[in-house]
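**Student:** Sharing a model that was predicted from the sequence below.
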Amino acid sequence: MNRDRIVVAPVAPEAEERVEILRRASRHGFRRFVVPDAAAVPEGAEEILRRDPSGSFEWLRPSDRPAIAIVPMAGPEDLPKAIDLGRAHGAVALSWVAERVIPLENLLADAHGRYAVWVVIDRMRDVPAMLGALERGADRVVVEISKLEQLETLEAALDEPRGAEISWEQVTITRVVPAGIGDRVIVDTTSLLRPGEGLLVGSAAAFLLHVASEAVGSRFTRPRPFRVNAGAAHSYTLLADGTTRYLSELVAGDAVLVVEPNTPPRSARVGRIKIERRPMVMLEVERGDRRYTAFLQEAETVRLSGGTGPIPATHLEVGQRLFGAAFAPARHLGGIVEETIDER
């Protein structure tokens with residue numbers, strides 16, 4: 001996970017705020033820290049460092065590893081110095097004065113796994129580039145955080161799913177009926193999806209069905225592996241942070257939860273939303289003593305994940321089994337709340 005490569009380094013001016021940043025980061029699942037002193041180590045920490053006056057990271061835990069020199073990258077002349085230190089000591093850290101991505105790529109190309117490459121950043125927007133350079137990224141990204149609210153910005157930049165535990169189950173279709181013309185939403189992502197991947201969609205947040213991507217085409221259409229023809233505008237789907245969002249409210253840049261039955265989920269960014277009026281079909285499934293619905297475009301390229309494979313929306317029948325997942329039913333602005341609710 002990206003989070004495993006993040007090292008949180010509080011740099012707030014007040015000591016109490018630095019300690020609170022460490023505590024909050026620990027509660028949010030971060031386990032690697034640069035601490036102001038040994039007494040400030042958060043519970044559950046796995047790697048602990050301290051920045052010493054010489055301009056290096058000194059290990060407090062584990063303590064038997066050599067210090068990691070920090071090289072300020074101000075110009076091309078600094079790259080050979082970083083390469084020499086990395087080769088000599090097994091690791092080197094870069095801090096940025098000017099260009100960032102190209103110097104990191106050059107260092108990663110030389111390291112090629114032979115030594116660890118660290119970077120130090122103070123801008124949350126740099127996180128994706130530092131983690132993804134040359135499809136590998138830095139081994140550790142030390143993020144300097146001066147304010148508590150920057151932790152939320154950091155989490156949003158990580159593009160990793162969180163907060164959504166998925167327990168897959170199969171449910172039986174009890175009804176399939178035409179639903180007239182409706183506004184259906186296509187979700188185009190900036191990632192290529194596998195044939196079995198897609199989005200969780202439904203009319204009630206308590207139970208969502210799995211709609212697969214268009215990574216498999218038809219006799220009349222080419223595959224569009226970036227696309228999920230997700231369903232009617234009112235439908236819920238899951239964001240990567242575990243909150244729900246109406247399909248009609250998705251916008252470019254949103255991180256949606258991409259899922260495949262019985263496979264770890266991942267995050268993908270929305271690149272475009274297309275809302276068009278199309279013929280719809282309503283399907284109803286039974287789970288225990290409750291029934292749930294989903295509205296989908298009636299088209300061969302819209303597929304739901306079934307127990308025996310993907311089922312086109314045009315071939316849905318009573319008695320077929322579909323994959324879905326149950327979640328907390330009560331939501332306010334997409335987040336889970338504790339209240340009595342009955343969505344029908």
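**Tutor:** It's in.

**Student:** Please count neighbours and contacts with C-alpha atoms only from this point.
**Tutor:** Noted.

**Student:** so where's this protein shaky on pLDDT?
**Tutor:** Scanning the chain for pLDDT under 70 picks out 1, 38-39, 162-164, 329-344.

**Student:** give the contact list for residue 213.
**Tutor:** Applying Cα atoms under 8 Å, 6 or more residues apart in numbering, we find residue 213 in contact with 193-199, 224-229, 302-303.

**Student:** rerun that using 10 Å as the cut-off
**Tutor:** Neighbouring residues of residue 213 by Cα atoms under 10 Å, 6 or more residues apart in numbering: 187-188, 192-199, 223-230, 258, 260, 301-304.

**Student:** again with residue 203
**Tutor:** Residue 203 touches 209, 231-237, 246, 292-295, 343-344, counting by Cα under 10 Å, 6+ apart.

**Student:** Then residue 19?
**Tutor:** When contacts are counted by Cα under 10 Å, 6+ apart, residue 19 touches 10-12, 25, 35-37, 39-42.

**Student:** redo that, cut-off 7 Å
**Tutor:** Counting by Cα atoms under 7 Å, 6 or more residues apart in numbering, residue 19 touches residue 40.

**Student:** Of all the residues in the helix or strand where it lies, which ones are buried?
**Tutor:** Assessed by DSSP states H and E, residue 19 sits inside helix 15-27. For helix 15-27, the neighbour count (16 or more other Cα atoms under 10 Å) marks 17-23, 25-26 as buried.

**Student:** got it, and stretch 95-107?
**Tutor:** By 16+ other Cα under 10 Å, the buried positions in stretch 95-107 come out as 95-96, 100-101, 103-105, 107.

**Student:** Closest to residue 252 out of those residues?
**Tutor:** residue 101 (24.0 Å; Cα to Cα).

**Student:** distance of the closest one from residue 95?
**Tutor:** Going from residue 101 to residue 95 by Cα to Cα, to the nearest Å gives 12 Å.

**Student:** can you check residue 173 too?
**Tutor:** For residue 173, the distance to residue 95 (Cα to Cα) stands at 57 Å.

**Student:** Pretty sure residue 115 sits against residue 87.
**Tutor:** Yes - between residue 115 and residue 87 there is a contact under Cα atoms under 7 Å: 6.3 Å.

**Student:** Neighbour count: these two, which is higher?
**Tutor:** Legend: neighbour count by other Cα atoms under 10 Å for residue 115 and residue 87, higher for residue 115 (19 against 15).
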